[in-house]
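**Student:** sequence and predicted structure, then a few things I'm wondering about:
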Amino acid sequence: MRCFFDLNPDSLRDACLALQLPGYVADQIIDWVYAKGVIDPIAWTNISKQNRELIAASFRFYASELAAHQQASDGTQKLLLNWHEPSESPTQDRLAVVAPPKSTETVMIPTEKRRTACLSSQVGCPVGCHFCASGLGGLEGNLKAGQIIEQAHRLSWLPQTGGRLTNIVFMGMGEPLANYAAVTGAIRTLNAPWGLGIGARRITISTVGLPAAIRKLVSFEIPVTLALSLHAPNDEIRRKLIPWAEYATIDELLDACDEYFAKTGREITLEYLLLRNVNDRVEHAKELASVAMRLRANINLIRYNEVRGLPFDRPTTEDVHAFQDVLRERHVNAHLRASRGRDIAAACGQLRHEKLRSHTG
Ligand code: SF4
């Protein structure tokens, strides 16, 4: 069975022809799935019953099982998806029944004008940032392009959201540039007019920073927005928070980001998670201002949401404002990102973390 979301119009057309279906059926399928959001072939009334049954038997549309769906009081919706790996042989099928599902989270955050999907790119995360629930169990696997697209499609067609997705951020579980081929493959469909049609500027890759992968992204044909998860004003603090900071200094990251800006004209955003008494002091804000000025970058300040079992605290409101004031005095554009969905633990990896805890007692 082919996974529909791994296909583009050309490969879907080839797959239809191989099933003795007319080529134009591929266009009809794409219209039903992407434009109308209907993934059950039996409901596709402009296709003959016989062909609908053949399509239903030949393609898998949603490959994940919806394990949980939460809605916060502010409208944020979070899905926990279980992925059962497709298996080819009867032996593997038997194993698949007993193997535990791999799960990822995906979140839709609505505002007055936007509906932003926060997508996962990997199952677990290899980076292991010490403040993050997603990194606790390490990396369990890479998501395929189709699995990334499926998350966006599910979020785009959630009921009661007020419309389709307008923005995509790769800020869910995983390091997107460590799964480069699948992420860029998914972006082609998310951006395509026949797919979800989301503009390049409205797609953001958020990375802890792999200079070689950032340089590779310079030649990617879709100039997406790049956000660098800095989270520290200097290398010493960064290495204490982000294990992969060992592999690249802040200077090296800024050089790669400069190249990205020079080629694409896209301003870089710095993401900075404020952790109480760790990186939220006035002296840290001064150092951060220098980094931002060198890159001419905007800063997104994020107030930490506590994760059960992790030794970090949420900063006080006074400290957050003092931090922001230092940046603004230096004419650095620093935006405090609103905490969304706190009542459903919307921070990266928290729902999955809670489920795993409840399964392991
Ligand atoms: S913050 Fe991002 S990069 Fe760090 S462990 Fe969590 S998911 Fe991975």
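**Tutor:** Good, I have the coordinates. Residues are numbered from 1 along each chain as shown.

**Student:** Three-state assignment for the residue lying closest to E175 once chain neighbours are set aside, please.
**Tutor:** Distances taken as Cβ to Cβ, 6 or more residues apart in numbering place V127 nearest to E175, at 5.1 Å, with adjacent residues excluded. C-beta here means a position set from N, CA and C on the backbone, and glycine is covered the same way. Following DSSP: H, G, I helix; E, B strand; the rest coil, the label given to V127 is coil.

**Student:** so V127 sits against V208, correct?
**Tutor:** Yes: counting by Cβ atoms under 8 Å, V127 touches V208, with 5.5 Å between them.

**Student:** where along this protein do the helices fall?
**Tutor:** All helices of the chain, identified by DSSP state H, fall at 9-18, 24-30, 49-58, 90-98, 145-156, 180-191, 211-218, 235-241, 250-264, 282-295, 317-329, 350-360.

**Student:** got the contact list for the residue nearest to T269 when sequence neighbours are not counted?
**Tutor:** Setting aside the residues directly before and after it, T269 is nearest to A227 in space (Cβ to Cβ, 6+ apart), at 4.3 Å. By Cβ atoms under 8 Å, 6 or more residues apart in numbering, the contact set of A227 is V169, M171, T204, I205, S206, T207, I268, T269, L270, E271, N300.

**Student:** quick check: domain ranges of the chain?
**Tutor:** The chain is divided into the following domains under automatic domain parsing: 1-61, 65-360.

**Student:** which positions in the stretch 1-150 of the chain make contact with the ligand?
**Tutor:** By the rule Cβ under 6 Å from any ligand atom, the part of the stretch 1-150 of the chain lying against the ligand is C125, V127, G128, C129, C132, S134, G135.

**Student:** need these in a markdown table with neighbour count, can you?
**Tutor:** Listed next are those as a markdown table, based on neighbours: other Cβ atoms under 10 Å:
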| residue | neighbour count |
| --- | --- |
| C125 | 26 |
| V127 | 23 |
| G128 | 17 |
| C129 | 21 |
| C132 | 24 |
| S134 | 28 |
| G135 | 22 |
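
**Student:** show me which of those residues has the smallest pLDDT value.
**Tutor:** On pLDDT alone, G135 ranks lowest of these, at 75.

**Student:** surely that one touches C129?
**Tutor:** Yes: between G135 and C129 there is a contact under Cβ under 8 Å: 5.2 Å.

**Student:** related to what we said a few turns ago, so which of the helices of the chain comes closest to E65?
**Tutor:** helix 145-156 (11.4 Å; Cβ to Cβ).

**Student:** and the closest one, what's buried?
**Tutor:** Buried residues in helix 145-156, counting neighbours by 16 or more other Cβ atoms under 10 Å, are found at A145, G146, Q147, I148, I149, E150, Q151, A152, H153, R154, L155, S156.

**Student:** could you list the low-confidence segments of the stretch 251-361 of the chain?
**Tutor:** For the stretch 251-361 of the chain, the stretches with pLDDT under 70 are 339-361.

**Student:** go with 90
**Tutor:** 305-309, 337-361 (pLDDT under 90).

**Student:** and among the helices of the chain, the most buried is which?
**Tutor:** helix 145-156 (a mean of 24; mean count of other Cβ atoms under 10 Å).

**Student:** how far away from the center of its chain is that helix?
**Tutor:** Counting by Cα atoms, centre = their mean, to the nearest Å, helix 145-156 is centred 10 Å from the centre of its parent chain.

**Student:** look up how far L274 lies from G195.
**Tutor:** G195 sits 36 Å away from L274, going by Cβ to Cβ, to the nearest Å.

**Student:** residues touching the closest residue in space to A232 that isn't next to it in sequence, list them.
**Tutor:** Distances taken as Cβ to Cβ, 6+ apart place R238 nearest to A232, at 3.6 Å, with adjacent residues excluded. By Cβ under 8 Å, 6+ apart, R238 lies in contact with L230, H231, A232, A245, I250.

**Student:** quick one: which of those has the most company?
**Tutor:** Ranked by the number of neighbours (other Cβ atoms under 10 Å), the contacts of R238 place L230 first, at 27 neighbours.

**Student:** can you pull the contacts of it?
**Tutor:** G209, R238, I250, L253, L270, E271, Y272, L288, V291.

**Student:** quick one: it from A181, how far?
**Tutor:** In terms of Cβ to Cβ, L230 sits 25 Å off from A181.

**Student:** ok, the residue lying closest to W244 once chain neighbours are set aside to G141 distance?
**Tutor:** The shortest distance from W244 to any non-neighbouring residue, by Cβ to Cβ, 6+ apart, is to V127 (4.9 Å). The gap separating V127 from G141 is 15 Å, by Cβ to Cβ.
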